[in-house]
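# coords please:
(one chain, ligands or ions: 1)
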Amino acid sequence: MNLLKVQNLKVHFPVKRGPFSREREFVRAVDGVSFFVATGETVGLVGESGCGKTTLGRAVIKLIEPTDGRIFFNGENLAALDAETLRARRQKFQMIFQDPYGSLDSRMTVANIIGEALDIHRLAPAPAARRERIENLLNDVGLDPSHAQRYPHEFSGGQRQRIGIARALAVEPKLIVCDEPVSALDVSVQAQIINLLQDLQRARGLAYLFVAHDLAVVRHISQRILVMYLGRIVESGDAKEICRSPKHPYTQALISAVPVVDPDSKRQRIILAGDVPSPIHPPGGCPFHPRCPVAEARCKTEVPALREVAPGRHTACHLATVEK
Ligand code: SF4
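Here you go, the predicted model:
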(Lines give C-alpha, C1' and ligand atoms only; values in the text may rest on other atoms or scores of the structure.)
Protein backbone atom coordinates (compact mmCIF):
# COMPACT_ATOMS: atom_id res chain seq x y z
CA MET A 1 0.00 0.00 0.00
CA ASN A 2 1.15 3.55 -0.67
CA LEU A 3 2.32 5.31 2.47
CA LEU A 4 1.39 8.74 1.11
CA LYS A 5 -1.19 9.45 -1.57
CA VAL A 6 -1.89 13.01 -2.70
CA GLN A 7 -4.88 13.77 -4.92
CA ASN A 8 -5.42 17.01 -6.83
CA LEU A 9 -3.71 19.13 -4.14
CA LYS A 10 -3.98 22.90 -4.46
CA VAL A 11 -2.40 25.65 -2.39
CA HIS A 12 -3.51 29.14 -3.45
CA PHE A 13 -2.34 32.13 -1.39
CA PRO A 14 -4.43 35.33 -1.48
CA VAL A 15 -2.53 38.55 -2.26
CA LYS A 16 -3.73 42.13 -2.70
CA ARG A 17 -4.10 43.28 -6.31
CA GLY A 18 -2.18 46.49 -5.49
CA PRO A 19 -0.93 48.39 -2.40
CA PHE A 20 -4.20 50.38 -2.11
CA SER A 21 -6.57 47.82 -3.54
CA ARG A 22 -9.08 45.76 -1.58
CA GLU A 23 -9.39 43.28 -4.38
CA ARG A 24 -7.56 40.01 -3.99
CA GLU A 25 -5.97 37.66 -6.47
CA PHE A 26 -4.31 34.32 -5.86
CA VAL A 27 -0.80 32.92 -6.10
CA ARG A 28 -1.34 29.39 -7.44
CA ALA A 29 1.70 27.91 -5.72
CA VAL A 30 0.43 24.33 -6.08
CA ASP A 31 -2.25 23.81 -8.69
CA GLY A 32 -3.74 20.32 -8.84
CA VAL A 33 -0.92 17.91 -7.98
CA SER A 34 -1.36 14.14 -7.56
CA PHE A 35 1.33 11.58 -6.66
CA PHE A 36 2.19 8.82 -4.21
CA VAL A 37 5.16 7.68 -2.11
CA ALA A 38 5.51 3.98 -1.23
CA THR A 39 6.87 2.71 2.09
CA GLY A 40 10.68 2.86 2.13
CA GLU A 41 10.84 4.75 -1.18
CA THR A 42 12.54 8.04 -2.07
CA VAL A 43 10.65 10.31 -4.44
CA GLY A 44 12.55 13.34 -5.69
CA LEU A 45 10.65 16.57 -6.31
CA VAL A 46 12.63 18.85 -8.59
CA GLY A 47 12.15 22.21 -10.27
CA GLU A 48 13.50 25.75 -10.37
CA SER A 49 13.19 28.11 -7.46
CA GLY A 50 9.61 29.45 -7.27
CA CYS A 51 7.98 26.40 -8.92
CA GLY A 52 6.02 25.52 -5.74
CA LYS A 53 7.97 22.46 -4.61
CA THR A 54 8.69 23.70 -1.07
CA THR A 55 5.03 24.73 -0.63
CA LEU A 56 3.96 21.28 -1.84
CA GLY A 57 6.34 19.56 0.61
CA ARG A 58 4.96 21.61 3.50
CA ALA A 59 1.34 21.11 2.50
CA VAL A 60 1.82 17.35 2.38
CA ILE A 61 2.73 17.23 6.08
CA LYS A 62 0.13 19.89 6.96
CA LEU A 63 2.57 22.67 7.85
CA ILE A 64 0.51 24.64 5.30
CA GLU A 65 -3.24 24.13 4.99
CA PRO A 66 -4.12 23.10 1.42
CA THR A 67 -6.81 25.05 -0.45
CA ASP A 68 -8.22 21.87 -2.01
CA GLY A 69 -7.40 18.23 -2.61
CA ARG A 70 -6.88 15.17 -0.44
CA ILE A 71 -3.90 13.71 1.40
CA PHE A 72 -3.99 10.08 2.53
CA PHE A 73 -1.37 8.81 4.96
CA ASN A 74 -1.39 5.06 5.54
CA GLY A 75 -4.84 5.05 3.91
CA GLU A 76 -6.30 7.70 6.27
CA ASN A 77 -7.64 10.97 4.84
CA LEU A 78 -5.83 13.59 6.96
CA ALA A 79 -8.57 16.19 6.39
CA ALA A 80 -11.13 13.87 8.03
CA LEU A 81 -9.16 13.51 11.29
CA ASP A 82 -10.02 15.52 14.41
CA ALA A 83 -7.28 17.77 15.82
CA GLU A 84 -6.11 15.31 18.48
CA THR A 85 -5.85 12.36 16.08
CA LEU A 86 -4.04 14.51 13.54
CA ARG A 87 -1.54 15.56 16.22
CA ALA A 88 -0.87 11.90 17.02
CA ARG A 89 -0.45 11.07 13.32
CA ARG A 90 2.01 13.93 12.86
CA GLN A 91 4.54 11.81 14.68
CA LYS A 92 4.76 9.65 11.55
CA PHE A 93 5.70 12.44 9.14
CA GLN A 94 8.52 14.85 9.81
CA MET A 95 10.56 17.44 7.97
CA ILE A 96 14.23 18.26 7.56
CA PHE A 97 14.79 21.88 6.63
CA GLN A 98 17.14 23.54 4.18
CA ASP A 99 18.76 25.88 6.63
CA PRO A 100 20.62 23.98 9.35
CA TYR A 101 21.46 27.36 10.95
CA GLY A 102 17.97 28.84 11.17
CA SER A 103 15.99 25.68 11.88
CA LEU A 104 17.58 24.99 15.28
CA ASP A 105 16.84 27.16 18.33
CA SER A 106 20.20 28.70 19.22
CA ARG A 107 19.22 29.01 22.91
CA MET A 108 18.61 25.30 23.36
CA THR A 109 21.15 22.54 23.87
CA VAL A 110 21.21 19.70 21.38
CA ALA A 111 19.78 17.40 24.07
CA ASN A 112 16.80 19.70 24.52
CA ILE A 113 16.28 20.21 20.77
CA ILE A 114 15.98 16.45 20.29
CA GLY A 115 14.31 15.88 23.66
CA GLU A 116 11.57 18.40 22.87
CA ALA A 117 10.29 16.14 20.08
CA LEU A 118 10.29 13.17 22.49
CA ASP A 119 8.42 15.23 25.11
CA ILE A 120 5.69 16.42 22.71
CA HIS A 121 4.80 12.83 21.87
CA ARG A 122 5.57 11.48 25.40
CA LEU A 123 7.98 8.92 24.00
CA ALA A 124 10.50 8.80 26.86
CA PRO A 125 9.03 10.31 30.03
CA ALA A 126 11.69 8.94 32.43
CA PRO A 127 14.87 11.10 32.51
CA ALA A 128 17.26 8.15 32.15
CA ALA A 129 15.35 6.71 29.16
CA ARG A 130 15.16 10.18 27.60
CA ARG A 131 18.92 10.70 27.97
CA GLU A 132 19.71 7.26 26.58
CA ARG A 133 17.43 7.80 23.59
CA ILE A 134 19.01 11.17 22.80
CA GLU A 135 22.49 9.68 22.99
CA ASN A 136 21.49 6.79 20.70
CA LEU A 137 20.03 9.23 18.18
CA LEU A 138 23.21 11.33 18.16
CA ASN A 139 25.20 8.16 17.64
CA ASP A 140 22.90 7.08 14.78
CA VAL A 141 23.51 10.34 12.89
CA GLY A 142 27.28 10.22 13.41
CA LEU A 143 27.61 12.77 16.23
CA ASP A 144 29.42 12.33 19.52
CA PRO A 145 26.82 11.66 22.26
CA SER A 146 29.04 13.44 24.78
CA HIS A 147 28.28 16.69 22.89
CA ALA A 148 24.59 16.58 23.82
CA GLN A 149 24.89 19.58 26.16
CA ARG A 150 26.44 21.82 23.51
CA TYR A 151 24.59 24.54 21.59
CA PRO A 152 24.00 24.66 17.80
CA HIS A 153 26.60 27.39 17.20
CA GLU A 154 29.29 25.01 18.46
CA PHE A 155 28.75 22.71 15.46
CA SER A 156 29.61 22.95 11.75
CA GLY A 157 26.89 23.26 9.05
CA GLY A 158 26.98 19.54 8.29
CA GLN A 159 26.83 18.65 11.99
CA ARG A 160 23.84 20.96 12.47
CA GLN A 161 22.03 19.22 9.62
CA ARG A 162 22.77 15.93 11.44
CA ILE A 163 21.14 17.41 14.56
CA GLY A 164 18.09 18.31 12.42
CA ILE A 165 17.97 14.73 11.16
CA ALA A 166 18.25 13.35 14.72
CA ARG A 167 15.37 15.62 15.78
CA ALA A 168 13.22 14.31 12.91
CA LEU A 169 14.12 10.69 13.73
CA ALA A 170 13.35 11.08 17.45
CA VAL A 171 9.65 10.40 16.95
CA GLU A 172 10.22 7.36 14.69
CA PRO A 173 8.58 8.73 11.55
CA LYS A 174 7.65 6.72 8.46
CA LEU A 175 8.00 9.64 6.04
CA ILE A 176 10.44 12.56 6.08
CA VAL A 177 10.04 15.53 3.76
CA CYS A 178 13.61 16.67 3.07
CA ASP A 179 13.42 20.29 1.92
CA GLU A 180 16.67 21.09 0.08
CA PRO A 181 18.57 19.42 2.95
CA VAL A 182 22.04 19.76 1.41
CA SER A 183 21.86 22.89 -0.74
CA ALA A 184 23.32 25.13 2.00
CA LEU A 185 26.28 22.78 2.55
CA ASP A 186 29.71 22.38 0.92
CA VAL A 187 29.82 19.73 -1.82
CA SER A 188 31.98 17.32 0.22
CA VAL A 189 29.58 17.59 3.17
CA GLN A 190 26.57 17.14 0.87
CA ALA A 191 27.74 13.63 -0.05
CA GLN A 192 28.14 12.68 3.63
CA ILE A 193 24.59 13.83 4.46
CA ILE A 194 23.12 12.02 1.42
CA ASN A 195 24.95 8.82 2.45
CA LEU A 196 23.64 9.20 6.00
CA LEU A 197 20.06 9.62 4.74
CA GLN A 198 20.43 6.48 2.61
CA ASP A 199 21.88 4.46 5.52
CA LEU A 200 19.05 5.57 7.81
CA GLN A 201 16.49 4.70 5.15
CA ARG A 202 17.82 1.16 4.86
CA ALA A 203 18.04 0.68 8.63
CA ARG A 204 14.61 2.15 9.45
CA GLY A 205 12.49 1.59 6.33
CA LEU A 206 11.95 5.34 5.94
CA ALA A 207 10.30 7.00 2.94
CA TYR A 208 11.58 10.38 1.75
CA LEU A 209 10.01 13.12 -0.32
CA PHE A 210 13.26 14.76 -1.35
CA VAL A 211 12.76 18.35 -2.51
CA ALA A 212 15.65 19.97 -4.41
CA HIS A 213 16.48 22.20 -7.34
CA ASP A 214 19.66 20.24 -8.07
CA LEU A 215 18.78 17.35 -10.36
CA ALA A 216 22.21 15.74 -9.88
CA VAL A 217 21.46 15.28 -6.16
CA VAL A 218 17.85 14.18 -6.74
CA ARG A 219 18.91 11.63 -9.36
CA HIS A 220 21.44 10.12 -6.97
CA ILE A 221 19.04 9.50 -4.10
CA SER A 222 15.61 8.93 -5.71
CA GLN A 223 13.87 5.87 -7.10
CA ARG A 224 11.24 8.06 -8.79
CA ILE A 225 11.24 11.73 -9.77
CA LEU A 226 8.49 14.34 -10.03
CA VAL A 227 9.37 17.39 -12.14
CA MET A 228 7.42 20.48 -11.13
CA TYR A 229 6.83 23.67 -13.11
CA LEU A 230 4.57 26.57 -12.08
CA GLY A 231 2.69 24.58 -9.45
CA ARG A 232 2.10 21.46 -11.57
CA ILE A 233 3.81 18.14 -12.19
CA VAL A 234 4.99 18.13 -15.82
CA GLU A 235 6.82 14.80 -15.79
CA SER A 236 7.05 11.83 -13.41
CA GLY A 237 8.44 8.33 -13.45
CA ASP A 238 11.44 6.13 -12.72
CA ALA A 239 14.48 8.29 -11.86
CA LYS A 240 16.94 6.48 -14.14
CA GLU A 241 14.50 6.47 -17.08
CA ILE A 242 13.74 10.18 -16.72
CA CYS A 243 17.43 11.05 -16.62
CA ARG A 244 18.26 8.69 -19.52
CA SER A 245 15.43 9.85 -21.77
CA PRO A 246 13.49 12.91 -20.57
CA LYS A 247 10.23 13.43 -22.49
CA HIS A 248 9.22 16.92 -21.43
CA PRO A 249 11.21 19.86 -22.87
CA TYR A 250 11.50 21.37 -19.37
CA THR A 251 13.00 18.16 -17.97
CA GLN A 252 15.33 18.01 -20.98
CA ALA A 253 16.57 21.51 -20.14
CA LEU A 254 17.08 20.64 -16.45
CA ILE A 255 19.04 17.50 -17.34
CA SER A 256 21.15 19.32 -19.90
CA ALA A 257 22.32 21.61 -17.08
CA VAL A 258 23.68 18.73 -14.95
CA PRO A 259 27.49 18.63 -15.33
CA VAL A 260 28.82 15.49 -17.08
CA VAL A 261 32.09 13.83 -16.14
CA ASP A 262 32.71 12.35 -19.63
CA PRO A 263 34.88 14.87 -21.60
CA ASP A 264 33.71 13.26 -24.91
CA SER A 265 30.04 13.79 -24.11
CA LYS A 266 28.19 15.46 -27.00
CA ARG A 267 25.38 16.71 -24.77
CA GLN A 268 24.35 20.29 -25.48
CA ARG A 269 23.17 22.60 -22.74
CA ILE A 270 19.61 23.87 -23.37
CA ILE A 271 19.37 27.45 -22.13
CA LEU A 272 15.81 28.43 -21.24
CA ALA A 273 14.76 31.98 -22.06
CA GLY A 274 13.48 34.14 -19.19
CA ASP A 275 12.42 33.21 -15.69
CA VAL A 276 9.55 31.14 -14.33
CA PRO A 277 6.40 33.27 -15.02
CA SER A 278 4.29 34.65 -12.17
CA PRO A 279 2.08 32.01 -10.53
CA ILE A 280 -0.54 34.77 -10.11
CA HIS A 281 -1.07 35.04 -13.86
CA PRO A 282 0.29 31.82 -15.34
CA PRO A 283 0.40 31.70 -19.15
CA GLY A 284 -2.61 30.15 -20.89
CA GLY A 285 -2.36 26.82 -22.71
CA CYS A 286 0.81 24.98 -21.71
CA PRO A 287 2.30 27.05 -18.84
CA PHE A 288 5.77 26.31 -20.22
CA HIS A 289 5.06 27.62 -23.74
CA PRO A 290 6.73 31.11 -23.39
CA ARG A 291 10.06 29.36 -22.62
CA CYS A 292 9.68 26.16 -24.60
CA PRO A 293 12.17 25.80 -27.49
CA VAL A 294 9.80 23.50 -29.45
CA ALA A 295 6.40 25.13 -28.72
CA GLU A 296 3.74 24.97 -31.44
CA ALA A 297 0.71 27.21 -32.05
CA ARG A 298 -1.67 24.95 -30.08
CA CYS A 299 0.63 25.12 -27.03
CA LYS A 300 -0.60 28.71 -26.48
CA THR A 301 -4.24 27.67 -26.13
CA GLU A 302 -4.47 23.96 -25.22
CA VAL A 303 -3.45 22.77 -21.76
CA PRO A 304 -1.56 19.47 -22.10
CA ALA A 305 -2.85 16.71 -19.81
CA LEU A 306 -0.41 14.66 -17.72
CA ARG A 307 -0.57 11.47 -19.86
CA GLU A 308 0.95 8.03 -19.34
CA VAL A 309 3.49 7.67 -22.17
CA ALA A 310 5.10 4.45 -20.89
CA PRO A 311 4.32 2.19 -17.91
CA GLY A 312 4.64 4.35 -14.79
CA ARG A 313 5.85 7.31 -16.86
CA HIS A 314 3.72 10.48 -17.23
CA THR A 315 4.37 13.65 -19.22
CA ALA A 316 2.35 16.84 -19.76
CA CYS A 317 3.39 17.78 -23.30
CA HIS A 318 1.42 17.69 -26.56
CA LEU A 319 4.47 16.42 -28.41
CA ALA A 320 5.32 13.47 -26.13
CA THR A 321 4.75 10.20 -27.98
CA VAL A 322 3.46 7.04 -26.33
CA GLU A 323 6.09 4.27 -26.23
CA LYS A 324 4.92 1.08 -27.92
FE1 SF4 B 1 6.52 22.78 -25.14
FE2 SF4 B 1 4.08 22.63 -26.20
FE3 SF4 B 1 5.12 20.52 -24.93
FE4 SF4 B 1 4.35 22.69 -23.57
S5 SF4 B 1 3.03 21.31 -24.75
S6 SF4 B 1 6.21 21.56 -23.30
S7 SF4 B 1 4.91 24.31 -24.98
S8 SF4 B 1 5.87 21.47 -26.84
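# pLDDT at the residue minimising distance to the centre of the chain, what is it?
Nearest to the geometric centre of the chain sits Val211, at 2.6 Å (CA atoms, centre = their mean). Per-residue pLDDT puts Val211 at 96.
# ok, it - contacts?
For Val211, the contact set (CB atoms under 8 Å, 6 or more residues apart in numbering) comprises Gly44, Leu45, Val46, Lys53, Thr54, Leu56, Gly57, Val177, Cys178, Asp179, Glu180. Just so you know, the C-beta spots here come from the backbone N, C-alpha and C atoms, and that holds for glycine as well.
# do that again at 6 Å, thanks
Leu45, Lys53, Gly57, Asp179 (CB atoms under 6 Å, 6 or more residues apart in numbering).
# Who does the last one form a beta bridge with?
I take that to be Asp179. Under DSSP bridges, the beta-bridge partners of Asp179 are Val211.
# so it touches Gln98, yeah?
Yes: in terms of CB atoms under 6 Å, Asp179 counts as a neighbour of Gln98; the distance is 5.3 Å.
# now the contacts of Val211 in a markdown table, with neighbour count and secondary structure?
Below are these laid out as a markdown table (neighbours: other CB atoms under 10 Å; DSSP: H, G, I helix; E, B strand; the rest coil):
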| residue | neighbour count | secondary structure |
| --- | --- | --- |
| Leu45 | 30 | strand |
| Lys53 | 28 | helix |
| Gly57 | 21 | helix |
| Asp179 | 22 | strand |
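# Just flag the most distant two among the residues you listed.
Maximum pairwise distance in the contacts of Val211, criterion CB to CB, is 9.4 Å, between Leu45 and Asp179.
# Going by residue numbers, what spans are strands in this protein?
2-16, 24-38, 42-46, 68-73, 76-77, 93-96, 175-179, 207-212, 224-229, 232-238, 307-310, 313-315 (DSSP state E).
# Quick check: buried residues in the fourth one?
Going back to what we said before, that points to strand 68-73. By 16 or more other CB atoms under 10 Å, the buried positions in strand 68-73 come out as Gly69, Ile71, Phe72, Phe73.
# Sounds good, over and out.
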